[in-house]
Every structure is written in structure tokens, then in C-alpha cells.
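Student: Provided below for reference: sequence and predicted model.
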Amino acid sequence: MVFPNQEQISLRARELWEAAGRPEGRDLEFWHQAERELQGASERGDPAKGTPDDI
């Protein structure tokens, strides 16, 4: 099983946070959401989100 790296998670979490209007105190929520999204994309081989070869 391939996992996204911290930089990939951080970038996606920031995108999610900004899209949600930059709310305070929800950093872990966005971090975990980013992890789930990227892991799912990696398992599917989604080129837009990264493939196992990219990680």
C-alpha cells in the first residue's frame, strides 16, 4: 500500500481549508480529509492526484 507524503497532504489540506473559507481550529479535519482523498486517488491510480509511481 502506498501512502501520500506529508507535502502532498499539506498542499491538499490547504486547498480544502481555503475552499472552506479558511476556518480556524479545523486543521486536523482538513488534514485527515486530504489524507483520505489522496490515499483513495493513489489506490485508483488517479493521475490528477498522483499515482503510486509519483510517490
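Tutor: It's in. Numbers count the residues shown, from 1 in each chain.

Student: All the helices of this protein, residue numbers only.
Tutor: Ranges of helices within the chain are 6-19, 27-44, based on DSSP state H.

Student: Redo these as CSV? Include mean neighbour count.
Tutor: Every residue, glycine included, has its C-beta placed from N, CA and C. Listed next are the helices of the chain as CSV, based on neighbours: other C-beta atoms under 10 Å:
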stretch, mean neighbour count
helix 6-19, 15
helix 27-44, 16
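
Student: Where among the ones you listed is average confidence lowest?
Tutor: For the helices of the chain, mean pLDDT drops lowest on helix 27-44, to a mean of 90.

Student: name the helices or strands packed onto that helix?
Tutor: Here helix 27-44 touches helix 6-19, going by 3 or more C-beta pairs under 8 Å, 6 or more residues apart in numbering; DSSP states H and E.
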